[in-house]
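Peer 1: build me a model:
(one chain, ligands or ions: 2)
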Amino acid sequence: MESLDIELPSLADTGKLGKLLGEIAEPGDVIILSGPLGAGKTAITQFIGAGLEVPADCYVTSPTFSLMHEYRGRLPLYHMDLYRLTTEEEIEELGFLDYIYGDGLTVIEWPARLGSLLPEEHLEIKLEPGRDENTRTARLAAIGNQWLDRLPVIRQTLFG
Ligand SMILES: Nc1ncnc2c1ncn2[C@@H]1O[C@H](COP(=O)(O)OP(=O)(O)OP(=O)(O)O)[C@@H](O)[C@H]1O
Ligand SMILES: [Mg+2]
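Peer 2: Ligands and ions are numbered 1, 2, ... in the order given. Predicted coordinates:
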């Protein structure tokens, strides 16, 4: 199973998906989040953190200005926001590849900035705004093998 579209009628639905992703994450996983400003990339990352058992007092916030935040959960969570970066060289100089190829879960907002540095294995999530303020669609795609077997697990868990 290579792709899965999920309707998210409310923030709580985004919460269920995010928590599940955190619960099933494995060391070295990479999740890339695309979608326009305000689509919910940081919001879903907060729930991924909860699913990874990041303590609630380590509140997951937008790393737009700091570019990366690291949290300690069941696995380390590396949350990157590459919006303000423009070149692959910048990303390399910041040492971000060490995190991406490390043993935690890396979640990346604005991943297009990675260009050719994008790792081959990852879960791609496109968040699209829906009909009203609280509605989103998440389009999940397993790129490479690491997430292939987990997409059916996600579908089964969320929809039975
Ligand atoms: N179903 C939903 N899923 C996700 N977020 C939602 C949903 N409904 C409402 N929201 C709200 O939409 C906002 C999304 O903002 P967020 O900062 O997560 O966007 P973003 O994609 O990270 O934007 P940016 O590109 O600026 O970083 C939050 O205030 C969140 O509460
Ligand atoms: Mg954000």
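Peer 1: so in the protein, which helix runs the longest?
Peer 2: helix 11-24 (DSSP state H).
Peer 1: does that helix reach ligand 1?
Peer 2: Yes - using C-beta under 6 Å from any ligand atom, we find that helix 11-24 touches ligand 1 at Leu11, Thr14. To be clear about C-beta, it is placed using only N, CA and C from the backbone, and glycine gets the same treatment.
Peer 1: show me what counts as buried in that helix.
Peer 2: Using 16 or more other C-beta atoms under 10 Å as the burial criterion, the residues of helix 11-24 that qualify are Leu11, Asp13, Thr14, Gly15, Lys16, Leu17, Gly18, Lys19, Leu20, Leu21, Gly22.
Peer 1: ok, now stretch 31-42?
Peer 2: Buried-residue list, stretch 31-42, by 16+ other C-beta under 10 Å: Ile31, Ile32, Leu33, Ser34, Gly35, Ala39, Gly40, Lys41, Thr42.
Peer 1: likewise for stretch 138-149?
Peer 2: Within stretch 138-149, the residues scored as buried using 16+ other C-beta under 10 Å are Ala138, Leu140, Ala141, Ala142, Ile143, Gln146, Trp147.
Peer 1: and for stretch 42-54?
Peer 2: Those would be Thr42, Ala43, Ile44, Thr45, Gln46, Phe47, Ile48, Gly49, Ala50, Gly51, Leu52, Val54, for stretch 42-54 by 16+ other C-beta under 10 Å.
Peer 1: so, in contact with ligand 1 or not, stretch 35-48?
Peer 2: Yes - Stretch 35-48 is in contact with ligand 1 by C-beta under 6 Å from any ligand atom, via Gly35, Leu37, Gly38, Ala39, Gly40, Lys41, Thr42, Ala43.
Peer 1: determine which two of those are furthest apart.
Peer 2: In the residues of stretch 35-48 next to ligand 1, two members sit farther apart than any others by C-beta to C-beta. They are Leu37 and Ala43, at 12.4 Å.
Peer 1: ok so, going back, any idea which helix or strand comes after the longest helix of the chain?
Peer 2: Scanning forward in sequence from helix 11-24 by DSSP states H and E, the next helix or strand is strand 30-34.
Peer 1: confidence score at His79?
Peer 2: With respect to pLDDT, His79 scores 98.
Peer 1: in helices, which of the buried residues of stretch 42-54 appear?
Peer 2: Judged by DSSP H, helices contain the following of these: Thr42, Ala43, Ile44, Thr45, Gln46, Phe47, Ile48, Gly49, Ala50, Gly51.
Peer 1: okay then, goodbye and thanks.
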